[in-house]
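K.L.:
Just a sequence and a predicted model for now, questions to come.
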Amino acid sequence: MKTLAILSVSAGNLLRHKLRTAVVILCLVVIITPFVSAMALLEGIKKEALISVKEGADLYVTMDMYGRNGMIPIEVADEIRKIEGVQKVIPRVISRIYTEGRLAVLLGIPLDEIEKTVRIVEGKLPDEGEIVIGRALARELGLKVGSFLSLGVRVTAIIDHRPYIMKKVFTISGIFEPDTSIWSSDLILTGIDDAIAIYEMEDFVSDIAVYADPSKLLDIIDTIQQMNAYFRIQSKSIAEKYIKRGFNRKGGIFVILYTFAFILAIPVMLTVSGTGLTERKKEVAILKATGWQTDEVLQMTFLENSIIALISAPVSVLISFVWLKLFNGAFIAQIFIAEIQGIAPFTIPAQFTFATFFMTIFFSLLFTLVGSIYTTWRTAITPPAEVLR
């Protein structure tokens, strides 16, 4: 009953000082909303990345080149197909490439695999000397079916102090709608022979994707490794491990940096929350003079801050949801996704978890407590007559 009575007094204090309460809530929302948006965005990207890995090949085989992935002979794909338990083998050429000043991803795979990889919405599948590109990339570069696109390969000379880049010109045969928006939005797809020709890597590919029977995966790995000790084999579990580690590390760094921002914002909260003001001190002194104990005054302050935090957190999550879903994460998505300027040309993935909501409440409460609990305690242990003097 005593707690309910204190809660009633706390709510009454907030209603009596509506302007101060509104300002504190507004400041909390402004500070917390970017944090909520970033965490939801990070979780969404991580989830989509894990889905992409799960739907991808079971193994990726490359050559070890000074501790890094190197080109592998395309003929190895035929040898891997003969291994028991192997269901499908896809040699691939994949790289980042600049086209029309825009960084994109070039993927070359056998022509009969392209139809299974993307959904063509305009035009047709590519033949030799043709490419298909994502809708977002086509829109950004002003391209359509039948347009020509030159792909830079390498610098062959320096003429008038400017690099001369050897290029190959391709016809855009089709435009596809990416199912996985982030990873396919800037993708250029072509046949593997054309991709090999672009980089002049005859008889070599970037890697070989292997789809296999899960029950025989370990035996397949052993067999491939016995072919050549310099083969590098990466499985789904390794890819998932790297993705989780990378995103968790990025999320941890962001939380640490934002925590420092929180600390720097504490003086603002000390000012706008009204702590230290004469009126607030008088209120505490009057409560003490009328028989309130110090722990009861502190409990009242804690409940006031809890009410503010419970209001600020849902409002922050709601604004964040609107920011990410309706405005597509404008100006914040580029922090976590490279090559985005302003508003992304594809749908930004976002996932709001209970952990994110809990952290929102925690930081909101922490902010308000830091800005009020200590000053309230100092006032509560001071004789009322001295405070009211």
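P.N.:
Thanks, I have the structure now. Numbers count the residues shown, from 1 in each chain.

K.L.:
Show the residue spans covered by the strands in this protein.
P.N.:
Here the chain has its strands, by DSSP state E, at 59-65, 68-70, 72-73, 86-99, 102-109, 119-123, 130-134, 148-159, 162-177, 187-191, 204-205, 207-212, 231-235.

K.L.:
Now that we have the ones you listed, can you turn them into a markdown table and tack on distance to residue 382 and mean neighbour count?
P.N.:
In this view, the C-beta of every residue, glycine as well, is placed from N, C-alpha and C. Formatted as a markdown table, the strands of the chain follow (distance: least, C-beta to C-beta, whole Å; neighbours: other C-beta atoms under 10 Å):
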| stretch | distance to residue 382 | mean neighbour count |
| --- | --- | --- |
| strand 59-65 | 69 | 19 |
| strand 68-70 | 66 | 13 |
| strand 72-73 | 76 | 19 |
| strand 86-99 | 65 | 17 |
| strand 102-109 | 63 | 19 |
| strand 119-123 | 71 | 14 |
| strand 130-134 | 67 | 24 |
| strand 148-159 | 73 | 13 |
| strand 162-177 | 68 | 16 |
| strand 187-191 | 67 | 24 |
| strand 204-205 | 77 | 22 |
| strand 207-212 | 71 | 21 |
| strand 231-235 | 66 | 17 |
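
K.L.:
Which of those strands has the lowest mean pLDDT?
P.N.:
Least confident of the strands of the chain, judged by mean pLDDT, is strand 148-159 with a mean of 73.

K.L.:
so how far is residue 189 from residue 62?
P.N.:
To residue 189, residue 62 is 20 Å away according to C-beta to C-beta, to the nearest Å.

K.L.:
Tell me which residue is most central in this structure.
P.N.:
Geometric centre of the chain, nearest residue: residue 42, 3.1 Å, by C-alpha atoms, centre = their mean.

K.L.:
list the contacts for it?
P.N.:
Residue 42 makes contacts with 247, 250-251, 254, 336, as judged by C-beta atoms under 8 Å, 6 or more residues apart in numbering.

K.L.:
Could you pull out the buried residues of stretch 282-293?
P.N.:
Neighbour counts using 16 or more other C-beta atoms under 10 Å place 283-285, 287-288, 292 of stretch 282-293 among the buried residues.

K.L.:
Distance from the chain centre to it, please.
P.N.:
Remark: stretch 282-293 is offset 50 Å from the chain centroid, using C-alpha atoms, centre = their mean, to the nearest Å.

K.L.:
Any idea how many residues pack against the closest residue to residue 283 other than its chain neighbours?
P.N.:
Spatial nearest neighbour of residue 283, chain neighbours left out: residue 13 (7.4 Å); criterion: C-beta to C-beta, 6 or more residues apart in numbering. Residue 13 has 18 neighbours, counted by other C-beta atoms under 10 Å.

K.L.:
Which residues are in contact with residue 13?
P.N.:
283, 300, 304.

K.L.:
related to what we said a few turns ago, quick one: which of the contacts of residue 42 is nearest residue 32?
P.N.:
The shortest approach to residue 32 among the contacts of residue 42 belongs to residue 254, at 13.9 Å (C-beta to C-beta).

K.L.:
Noted, bye for now.
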